[in-house]
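# 3D model of this:
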Amino acid sequence: MNLEEIQAVIDSAKARGIDQLATYVRGRLPNASDTDVQEAAAVLLEIIESVPLILAATIKGAEEQNLVHVVQPVLDRAVRYFLHPVDLMPEMTLGLPGLLDDTYLVLRILQVLEEGPKPLVDWDLDHPTTLIRSLLEDDIGKQLDAMSTLAFEEIVDDVRESWGTGPLDA
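This is a model prediction of the structure:
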């Protein structure tokens, strides 16, 4: 997995300024107080910065549970999206706010993986996923939700077999 490349993308976006996150939050929540905007921006930065750690923990959990063959293809899709500079919210032009869609897709995919019989990581993904989704434009959120669903369609039989629920009925 390209965790170093993901970190480089995050570092590059941070180098263009962390104030861009607060500006983005202000635009999405115009009635929020300055304190709330700054706090939300700080939390978003922490979430974005945690992506490589969460991915590494997920791979480790998949290895421990003998599920790499199921987990890796789905994570590869999320990583490819994260590393693609031109996507729904391009970080090349938006800076850190441009990583919100990438981060949301990674977290959304990990949420689905956590629905298995035994979690791969012991992290609360619901709060960060919900926070980012609430700040995305609705059409972008819907497209990302569809992408996360598509990521699993190709491996759904492997997932069910690994989770012990059997292959899909034809």
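# what is the longest helix belonging to the chain packed up against?
For the chain, the longest helix by residue count, based on DSSP state H, is helix 34-64. Using 3 or more C-beta pairs under 8 Å, 6 or more residues apart in numbering; DSSP states H and E, the elements in contact with helix 34-64 are helix 3-15, helix 19-28, helix 68-83, helix 100-113, helix 126-135. For glycine as for every other residue, the C-beta is placed from the backbone atoms N, C-alpha and C.
# most tightly surrounded among those helices?
helix 100-113 (a mean of 24; mean count of other C-beta atoms under 10 Å).
# packing partners of that helix?
Judged by 3+ C-beta pairs under 8 Å, 6+ apart, helix 100-113 is in contact with helix 34-64, helix 68-83, helix 126-135, helix 138-153.
# what about it, distance to the chain center?
Counting by C-alpha atoms, centre = their mean, to the nearest Å, helix 100-113 is centred 3 Å from the centre of its parent chain.
# okay, it in PDB with CA atoms only?
Provided in PDB are the C-alpha atoms of helix 100-113 (Å, rounded to 0.1, in the frame of the first residue of the first chain):
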ATOM      1  CA  LEU A 100     -12.100  15.800   2.500                       C
ATOM      2  CA  ASP A 101     -13.600  13.700  -0.300                       C
ATOM      3  CA  ASP A 102     -10.600  11.400  -0.300                       C
ATOM      4  CA  THR A 103     -10.700  11.000   3.500                       C
ATOM      5  CA  TYR A 104     -14.500  10.400   3.400                       C
ATOM      6  CA  LEU A 105     -14.200   7.700   0.800                       C
ATOM      7  CA  VAL A 106     -11.500   5.900   2.800                       C
ATOM      8  CA  LEU A 107     -13.500   6.100   6.000                       C
ATOM      9  CA  ARG A 108     -16.800   5.100   4.300                       C
ATOM     10  CA  ILE A 109     -15.100   2.000   2.900                       C
ATOM     11  CA  LEU A 110     -13.600   1.200   6.300                       C
ATOM     12  CA  GLN A 111     -17.000   1.600   7.900                       C
ATOM     13  CA  VAL A 112     -18.400  -1.100   5.700                       C
ATOM     14  CA  LEU A 113     -15.400  -3.400   6.400                       C
END
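# tell me who's in contact with the residue nearest the centre of the chain.
Centroid-nearest residue in the chain: Val106, 2.3 Å away (criterion: C-alpha atoms, centre = their mean). Val106 sits next to 51, 54-55, 78-79, 82 when contact means C-beta atoms under 8 Å, 6 or more residues apart in numbering.
# hmm, back to that, a markdown table for the helices and strands packed on helix 34-64, including mean pLDDT and distance to Leu150?
Converted to a markdown table, these look like this (pLDDT from 0 to 100; distance: least, C-beta to C-beta, whole Å):
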| stretch | mean pLDDT | distance to Leu150 |
| --- | --- | --- |
| helix 3-15 | 95 | 21 |
| helix 19-28 | 96 | 26 |
| helix 68-83 | 90 | 8 |
| helix 100-113 | 93 | 10 |
| helix 126-135 | 97 | 17 |
